[in-house]
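Undergrad: here are the coordinates; sequence isn't available:
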C-alpha cells in the first residue's frame, strides 16, 4: 500500500535533513506505530505520507502510483489521493474550520458530491461512532481538547479513507477518551483500514499496532519489527531516548 | 468494540470530478513564502550592517524625510548611489531581498501612476517611482539587518511609547506562529478538499475566523506569560556599547546627505 524507498527530506535546500534515507513498507490493512524521540522526524514523515511535504530524494509509492509534487498538482489525482488517506493532526485546533460540528463532518462527503441524505447519514453515523451526537450543533472552536480531537477524527472518517494516518492521537486526552479511541481504531483496523500513527503513549495503544517503526535521533530508521517485541525491549528504547 | 456503519467497513471507489485547486495551492505557497521570510526575520540579523540599531533607525527616518521632500533628481541619484555603496558590502541574499522588495513597490507605483504619465506628467511619475524605490530599499535594508530585540530596543531608546513597542513586539513574535497555524489550517482544508462544492470559499472564511480567535487567545497568553516573568508594561533598554566608528561614519554620511539635499535644492 505504502512504499518509501531511500526517502530524504529537508525543509529548505542546504538545511539539516529531517528524514534520512528512509525505507518503509506498509501493507494494506497493516497497523504500524511510528516511534522515536522528539525531533526525529515523525511528524514530517506523516506529512510526507499525506503529500504535504515533498521528498528531497527517494521515491514514495502509494498503491502502485508514485506520489510526486507534479502528480499532486493534478487536481483529480490529488483529490482521489486525499480521499484515500486521512490525516488526524496532532493539533485539532488547526484541523477544524467550519462554523458547526455537523458542518465540519459533512464537509468531506459534500466535497465528494454525495447526495444530501447520504451526507446526513454519514454525519449521524460518525457522531454516534465517536459518542459526540450532543455536540452536533456546537461551535468546534469552543469544544474541549478531547471533543475537538473526536470531531477532527469524525471529519476524517466521514471521507471513508483506506489509510488512517494519526499524529500522536492520544496526546492531551483523558483516560476514558483514550480507551474509546483505541477501541475505535482497533475496530477500524479490523474492518480493513490501514492504520499508521506516531505515539509516545504506549499504555493506551495496546493491541492496536502490530508493527513498530523506530526513528532514531539521526533521522534514520533505527529498527522495524513486531510492535510488542520492540516496546518490551527496554534497553533498546532507553538507548533511543524513547523510554 | 464499536460497531462500524456499513459504508465505513469497506473501501469505496471514489472518482473525483475534474477541476482545479489553484486558489488553495496559491494560498499555501504564499504562507510558505511568508514563513520563510518570517524565519529570516526571527533569526540572526542578515548582512554586515552592525551599526547601533537606534542610529540606523534615525538615519533611515532622516533619509526617508529628505527623499520625500526633495524635488531634485540629482539628490535622488546621490541617495541611490549611497544605497548601492551600502549594498555593495552586503551578502547576496540581503541584496536580493532589498532589491526585490524595492522593485516590487516601484513597479506597483508605476502601474498606479501610468495614466498620469500617459497624460504628460511623465517626469513627476518617474520621480515618485524613484522615491518609492529608494524609500522601500532603505527601510528594507534596516529591517533585514536588525534583529527583533535590537529593533524593540531602538524604539525604546528613541522614546517610542511602551504600548507601541508592546504591539510591535507581539506582532513580530506572532507573525511566525500565526503563519504556521494558518498554514496547518490550509493543509487541513486541502486534505479534505477531495472534490468541488460551493462551501469551499466559506471554509476560507472559517479559517480567517479561527485565526482571529486564536491570535487573540495567543496574544493574551503571551502577555500573561510576560507578566508572570516580571513584565510590568515597561520596556527597559538593553545595555549598549558607546557610539563608535560605525555610528560616527553613519552620522557623517547622513550629514553629507543633508548638505546634498540643501545644495541640490538651491541648484
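TA: Now that the structure is in, tell me what you want to look at. Predicted model only: the values in this text are computed from it and were never measured.
Undergrad: C-alpha from now on. contacts and neighbour counts both.
TA: OK.
Undergrad: for stretch B:6-18, which positions count as buried?
TA: B:8, B:9, B:10, B:14, B:16, B:17 (16 or more other C-alpha atoms under 10 Å in any protein chain shown).
Undergrad: Quick check: phi and psi at the fifth one.
TA: Spelled out, that is residue B:16. Main-chain torsions, residue B:16, degrees, to the nearest 10: phi -70, psi 150.
Undergrad: Tell me who's in contact with it.
TA: Counting by C-alpha atoms under 8 Å, 6 or more residues apart in numbering or on different chains, residue B:16 touches A:76, A:79, A:80, A:112, B:194, B:195.
Undergrad: Next, give me the two most distant ones among these.
TA: By the measure C-alpha to C-alpha, A:76 and A:112 form the most distant pair in these, at 11.3 Å.
Undergrad: Please enumerate the shared neighbours of the two.
TA: B:16, B:195.
Undergrad: ok, the residue nearest the centre of chain A - contacts?
TA: Residue closest to the average C-alpha location in chain A (C-alpha atoms, centre = their mean): residue A:165, at 1.7 Å. Going by C-alpha under 8 Å, 6+ apart, residue A:165 touches A:46, A:85, A:86, A:87, A:88, A:195, A:196, A:197.
Undergrad: how does it look with 10 Å?
TA: Contact analysis of residue A:165 by C-alpha atoms under 10 Å, 6 or more residues apart in numbering or on different chains lists A:32, A:46-47, A:49-50, A:85-89, A:156, A:194-198.
Undergrad: Kindly indicate which of those lies nearest residue A:144.
TA: Comparing the contacts of residue A:165 against residue A:144 with C-alpha to C-alpha picks out residue A:89 as the nearest, at 15.7 Å.
Undergrad: Report the separation between that closest one and chain B.
TA: Per C-alpha to the nearest C-alpha, to the nearest Å, residue A:89 is found 8 Å from chain B.
Undergrad: where along the stretch 101-250 of chain B do the helices fall?
TA: Assigned helices in the stretch 101-250 of chain B, in chain order: B:122-144, B:148-157, B:162-192, B:199-228, B:245-266 (criterion: DSSP state H, counting those that start in this stretch).
Undergrad: Can you list phi and psi of the nearest residue to residue A:150 once chain neighbours are set aside for me?
TA: Spatial nearest neighbour of residue A:150, chain neighbours left out: residue A:130 (6.3 Å); criterion: C-alpha to C-alpha, 6 or more residues apart in numbering or on different chains. Main-chain dihedrals, residue A:130, degrees, to the nearest 10: phi -100, psi 0.
Undergrad: hmm, back to that, between the contacts of residue B:16, identify the one with the most neighbours.
TA: Highest neighbour count within these, by other C-alpha atoms under 10 Å in any protein chain shown: residue B:194, with 31 neighbours.
Undergrad: Quick check: phi and psi at that one.
TA: Main-chain dihedrals, residue B:194, degrees, to the nearest 10: phi -100, psi 20.
Undergrad: ok, and the closest non-adjacent residue to it?
TA: The shortest distance from residue B:194 to any residue other than its chain neighbours is 4.0 Å, reached at residue A:79 (C-alpha to C-alpha, 6+ apart).
Undergrad: residues near the closest residue to residue B:178 other than its chain neighbours, how many?
TA: Nearest in space to residue B:178, with sequence neighbours left out and distances taken as C-alpha to C-alpha, 6+ apart, is residue B:215 at 6.8 Å. Using other C-alpha under 10 Å, residue B:215 has 18 neighbouring residues.
Undergrad: contacting residues for residue B:215?
TA: By C-alpha under 10 Å, 6+ apart, the contact set of residue B:215 is B:171, B:174, B:175, B:177, B:178, B:181, B:209, B:221.
Undergrad: roughly how far apart are residue B:70 and residue B:78?
TA: Remark: distance between residue B:70 and residue B:78 (C-alpha to C-alpha, to the nearest Å) = 12 Å.
Undergrad: who touches both of those two?
TA: By C-alpha under 10 Å, 6+ apart, the residues touching both residue B:70 and residue B:78 are residue B:261.
Undergrad: Distance from stretch B:112-129 to the middle of the chain?
TA: 27 Å (C-alpha atoms, centre = their mean, to the nearest Å).
Undergrad: typo on my end, it should be stretch B:169-186
TA: Averaging C-alpha positions (C-alpha atoms, centre = their mean) puts stretch B:169-186 13 Å from its chain's average.
Undergrad: So for it, mean pLDDT?
TA: Averaging pLDDT along stretch B:169-186 yields 77.
Undergrad: For burial, what's the neighbour tally of the closest residue in space to residue A:192 that isn't next to it in sequence?
TA: In space, and not counting its chain neighbours, residue A:192 is closest to residue A:29: 4.9 Å by C-alpha to C-alpha, 6+ apart. Using other C-alpha under 10 Å, residue A:29 has 18 neighbouring residues.
Undergrad: touching chain B at all, the helix ranked longest in chain A?
TA: Across chain A, the longest stretch assigned as helix under DSSP state H is helix A:175-190. Yes - interface with chain B: helix A:175-190 contributes A:180, A:181, A:182, A:183, A:184, A:185, A:186, A:187, A:188, A:189, A:190 (C-alpha under 10 Å from any C-alpha of the partner chain).
Undergrad: Which two among those residues are spaced furthest apart?
TA: Spanning the widest gap among these are A:180 and A:190, at 15.2 Å by C-alpha to C-alpha.
Undergrad: Any buried residues in stretch A:128-141, and which?
TA: Buried residues in stretch A:128-141, counted by 16+ other C-alpha under 10 Å: A:128, A:129, A:130, A:132, A:133, A:135, A:136, A:139, A:140, A:141.
Undergrad: Give me the neighbour count for residue 242.
TA: Using chain A here. Neighbour count for residue A:242, taken as other C-alpha under 10 Å: 17.
Undergrad: I was after chain B.
TA: Residue B:242: 7 neighbours (other C-alpha under 10 Å).
Undergrad: so it makes contact with residue B:52?
TA: Yes - with contacts counted by C-alpha atoms under 10 Å, residue B:242 reaches residue B:52, the gap being 9.3 Å.
Undergrad: Am I right that residue A:32 falls within a helix?
TA: No - counting by DSSP: H, G, I helix; E, B strand; the rest coil, residue A:32 is not found in a helix; it is strand.
Undergrad: Average pLDDT for stretch A:101-112, rounded please.
TA: For stretch A:101-112, the per-residue pLDDT averages 88.
Undergrad: and it, is it in reach of chain B?
TA: Yes - applying C-alpha under 10 Å from any C-alpha, one finds stretch A:101-112 touching chain B at A:103, A:104, A:107, A:108, A:109, A:110, A:111, A:112.
Undergrad: residues in contact with the last one?
TA: Applying C-alpha under 10 Å, 6+ apart to residue A:112 gives the contacts A:79-80, A:83, A:119, A:159, B:14-17, B:192-197.
Undergrad: and if we set it to 6 Å?
TA: Contacts here follow C-alpha atoms under 6 Å, 6 or more residues apart in numbering or on different chains; on that basis residue A:112 touches residue B:195.
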